[in-house]
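# Generate coordinates for the sequence data below:
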Amino acid sequence: MRLECRSRTIAMTACLFGMFSVSAFAYPENPVLHTVENGGDSLAIRTIGDEHYRYTQTEDGVLVVSDSTGVYYYADETGAASKFKAKNAGKRSAEAKKFLNGLDRQKAFRKHRDRHPDRFKRGATGRAERPAWVPTADGSSTSTSEVSASGDAPRVLRLPDPRAHSRGNVRIPVLMIENNEAHNLDSTEAYNILNKEGFSSNSYRGSVRDYFVDQSTGVFEPVFDLYFVKIENSFKNYIGKENVMIQDAVDVLRSKYASFDASVYDSDNDGEVDALAVLFAGGEVEAYVNNVKKHLGGFQYELRYQGGGWKDGSIDAGNRKKFNNCFIIKQAEYLFPTFVHEFSHTMGLKDHYCVWSDSCYINYRNTSIQAPGAHAWDVMATGMYNGTNSPPNYSAFERNFMGWLKYDSLTVEDWEIVIPPLGSSNFAYKVGIGKNEWYVLENRQKVGWDSPLPNHGMIIWHIDYNQTFWDRDSLNDVPGHQRVDVVEAGDQRVTSYEDGFVSGGGRHMTDDPFPGSQNVTEFGPFASWNGSGVDMHLYSITEKNSNICFATKSGVEVSDCEFVPRSSSSEPESSSSEAALSSSVAATSSEAAVSSSSVRPRSSSGGWRRSSSSQGWLASSSSAVVPMSSTDALLAGKVLHGTRMEISGRLLTVTAATVAPRTLRVFDVQGNMLASETFHGMDKTLDLGAFAGRGTLVVQLIGNGMLEGVLRVSVK
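Residues are numbered from 1 along each chain as shown. You can find the predicted model right below:
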């Protein structure tokens, strides 16, 4: 995202205010309880928050602050250190207990936050440049990769395209920075953590590269090139001036590695290195700046906005390339999950925990809602700390954003639906409920990267896209209206930030999946936040042999719960093959309604299934788009995307170059959809005899959500 501050009449501070609103993305702290030496005593504390704001509290939730020597004291009502040194609950003096009993803890928290303003401001002054994928007011978009399901209805907003370095064999430079105070990781250890295939030492489940290869099912295979440099200054001197540290390190890089070629790191050849990882040696670096504790790095941002004034702050990388998109993290303590989280930011994903709001850190024990965030279910939330170096799999929502997964559309039919595990199948359903709102159904099992999840079963995500919240990285900051929301099956609630971790409060999330710990076997309707939605219900939700199955009609028996993908060799090439009519395609969806091979009709007369209507065929109750301009260009025998459509008498033959889910739709010339059939494979023969005498028809072929062919035909 780029900001344009074109008018010099705009105050410079206002422009920078907007810049910072889109240029820094942190990661949540792990609030695991740990023990520190505190002025001669042993004190159990946890740290909560991220680089925008963080605080420390005792095991029983008392806010503490440290002085310049690192000794913790209870915070007073000004948010500063009181005279009482912090101690564990059982060792507090009578005087300290009296102080705490009379303390307004909420006031202390508010004042503490006031004392620690976020250097990365979130404001409405600056606006991100309008991305090409954002539709205009009339619902149009520059994107051509989607097919609208309704001629006049606004399109479903496509998710923003990820950055260029999310596909293929991409090389990413990693700056390993040390100084006289802290030394870099051993080069072999660092390489193994980032790159070694099947890396399993010290409880690693694989390398960072393995993680992304797994998430993308081999579509994305990054390689992380390590460069070891040493700078002379103390890391503390760079707190708040991380761009200066990077510039100093790059100067050493280009001097030490004379053959460094930045052009190999610019996969889209846009003049900028795709991403730069900056790893400073040692653990947390902190110092007091104007009596406020500050920390080094811990975020992803764009260097161009850190130059100050009107100066482009990007850094010359050589070969006419620049460093801009980067992230800065420490080498010690949670290197693996923080690298995965921050690198995901460089590809365009936002945070799915509560980031900016005061609502992020209050207690929800006595409320009707729960602490906001996707919690342990998501690597872009606090799930990054699940297990030991085992962040969870990308959700189907995140994989779809990256272009690594194509949703199957779920419609209202009396079918048994089967969903295999996401980690092994890369399969999920989508239910569109509005112009920019949808649900995602996925099956998460405690296997592989997902082993440490709180529980297993079907996870239902409710996604509500809004550009402002996306730009500001505040998707889950409103507890009562989260925009990347896990729909909890049961009634247990995450009551605080620290409850959203497997290590601390995983028990609060065991009821989130369906059927889950409370055996919740029904769901519906699929409601939007404004109260509308789709009146579809799921019944008999069952988990069997790691699969999830359910019915979309009450009373339909769920049987073996087996997922059996079709293939071109097993698909009969006749009108007697199993077929389904997608007459209930949601009019709001911009994606082609592609039924899955896991959808099995409970009853069928063979061929194109008949309805009980007098017309004899299921007809759409609403118009469906027929791209007539494309029809004029796509005549019999023409090829698009390697697919051929031909008609001989009443038989329509489709021949494709690849195996993929495809949908054939038949329209009259008024644009009314007469029938629809989905098949899997490379070829299909279909008898159009049922439409004899209906005049000119238009047959539309959709494969993988893209229009592959249109054919005019008149059946006699």
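# pLDDT of stretch 174-184, averaged?
Taken as a whole, stretch 174-184 has a mean pLDDT of 97.
# And it, end to end?
In terms of Cα to Cα, to the nearest Å, the two terminal residues of stretch 174-184 are separated by 12 Å.
# which residues are contacting it?
185, 190, 194, 224-235, 245-246, 249-250, 253, 276-282, 331 (Cβ atoms under 8 Å, 6 or more residues apart in numbering). Using the backbone N, CA and C atoms, a C-beta is placed for each residue, glycine as well.
# Now the buried members of these.
When the contacts of stretch 174-184 are checked for burial by 16 or more other Cβ atoms under 10 Å, the buried set is 185, 190, 194, 224, 226-229, 231, 235, 245-246, 249-250, 253, 276-282, 331.
# circling back to that earlier point, strands - which of the contacts of stretch 174-184 land there?
Among the contacts of stretch 174-184, the members found in strands (DSSP state E) are 224, 225, 226, 227, 228, 229, 230, 276, 277, 278, 279, 280.
# Per the annotation, how does the chain divide into domains?
34-115, 164-346, 358-551, 602-714 (automatic domain parsing).
# So what would you say the end-to-end distance of the first one is?
Looking back up the chat, that one is domain 34-115. Looking at domain 34-115, the gap from its leading to its trailing residue is 25 Å under the measure Cα to Cα.
# try the third one
Distance between the boundary residues of domain 358-551 (Cα to Cα) amounts to 41 Å.
# can you give me how far it is from the chain middle?
Using Cα atoms, centre = their mean, to the nearest Å, we find the averaged C-alpha position of domain 358-551 to lie 11 Å away from the chain's own average C-alpha position.
# circling back: could the ones in strands among the contacts of stretch 174-184 be laid out in JSON lines, adding pLDDT and distance to residue 466?
Written out in JSON lines, the entries for the ones in strands among the contacts of stretch 174-184 read as follows (pLDDT from 0 to 100; distance: Cβ to Cβ, whole Å):
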{"residue": "224", "pLDDT": "96", "distance to residue 466": "34"}
{"residue": "225", "pLDDT": "95", "distance to residue 466": "38"}
{"residue": "226", "pLDDT": "95", "distance to residue 466": "39"}
{"residue": "227", "pLDDT": "96", "distance to residue 466": "40"}
{"residue": "228", "pLDDT": "96", "distance to residue 466": "43"}
{"residue": "229", "pLDDT": "97", "distance to residue 466": "41"}
{"residue": "230", "pLDDT": "97", "distance to residue 466": "45"}
{"residue": "276", "pLDDT": "97", "distance to residue 466": "30"}
{"residue": "277", "pLDDT": "97", "distance to residue 466": "30"}
{"residue": "278", "pLDDT": "97", "distance to residue 466": "31"}
{"residue": "279", "pLDDT": "98", "distance to residue 466": "34"}
{"residue": "280", "pLDDT": "97", "distance to residue 466": "35"}
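# Mind telling me the two of those residues farthest from one another?
Using Cβ to Cβ, the pair of these lying farthest apart is 224 and 230, separated by 19.7 Å.
# number of nearby residues for the closest residue to residue 387 other than its chain neighbours?
Computed as Cβ to Cβ, 6 or more residues apart in numbering, the closest residue to residue 387 that is not its neighbour in sequence is residue 452, at 3.3 Å. Neighbour count of residue 452, defined by other Cβ atoms under 10 Å: 19.
# what residues are up against residue 208?
So residue 208 contacts 193, 194, 195, 222, 224, 336, 339, 340, 343 (Cβ under 8 Å, 6+ apart).
# Could I get the full set of strands for the stretch 401-550 of the chain?
Here the stretch 401-550 of the chain has its strands, by DSSP state E, counting those that start in this stretch, at 408-409, 415-419, 429-434, 437-444, 457-464, 484-486, 526-527, 533-534, 539-544, 547-551.
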